[in-house]
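Student: Sequence and predicted structure below; questions after.
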Amino acid sequence: MISPASLIAAVAGEIHKQAKSIPVIVLVLKKYDMIYLARNIYVNSAELP
C-alpha cells in the first residue's frame with residue numbers, strides 16, 4: 001500500500017515537471033466548463049414552456 005505522503009510527493013513531482021503545460025490545461029478546462037454551462041442553460045431554457 002502506498003502511503004498518502006509518498007503519493008502526494010509523486011504527484012507534486014509530476015506537477016513540477018509539467019508546470020509549463022498546466023496553464024494550458026486549466027484554460028482548456030475553463031473553456032470546456034463555460035461551453036458546458038452555456039449548453040445546459042440553453043437546453044434548460046429551451047425546455048421551459
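Tutor: Sure thing, it's come through.
Student: starting at the chain centroid, how far to the helix or strand encompassing Leu7?
Tutor: Secondary structure assignment for Leu7, by DSSP states H and E: helix 4-17. With Cα atoms, centre = their mean, to the nearest Å as the basis, helix 4-17 stands 18 Å off its chain's centre.
Student: What average pLDDT does that helix get?
Tutor: The pLDDT scores in helix 4-17 average 81.
Student: can I get the CA coordinates of it in CSV?
Tutor: The C-alpha trace of helix 4-17 is given here as CSV (Å, rounded to 0.1, in the frame of the first residue of the first chain):
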residue,chain,number,x,y,z
PRO,A,4,-0.6,9.2,1.2
ALA,A,5,2.6,11.3,1.8
SER,A,6,4.6,9.5,-0.9
LEU,A,7,1.6,9.7,-3.3
ILE,A,8,1.4,13.5,-2.7
ALA,A,9,5.1,13.7,-3.3
ALA,A,10,4.9,11.8,-6.5
VAL,A,11,2.0,13.9,-7.8
ALA,A,12,3.8,17.1,-6.7
GLY,A,13,6.9,16.0,-8.6
GLU,A,14,4.9,15.3,-11.8
ILE,A,15,3.1,18.7,-11.5
HIS,A,16,6.5,20.4,-11.1
LYS,A,17,7.9,18.6,-14.2
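Student: Now do the helix ranked longest in the chain: distance to the chain's middle.
Tutor: In the chain, assigned by DSSP state H, the helix with the most residues is helix 22-47. Taking Cα atoms, centre = their mean, one finds the center of helix 22-47 at 11 Å from the center of the full chain.
Student: Next, the angle from it to helix 4-17.
Tutor: 100 degrees (axes from the mean of the first three to the mean of the last three Cα atoms, to 10 degrees).
Student: What helices and strands are in contact with helix 22-47?
Tutor: Using 3 or more Cβ pairs under 8 Å, 6 or more residues apart in numbering; DSSP states H and E as the contact test, no helix or strand touches helix 22-47. C-betas here are computed from N, CA, C, even on glycine.
Student: what is the mean pLDDT for it?
Tutor: 81.
Student: in that helix, what counts as buried?
Tutor: Buried residues in helix 22-47, counting neighbours by 16 or more other Cβ atoms under 10 Å, are absent.
Student: Understood, closing this out.
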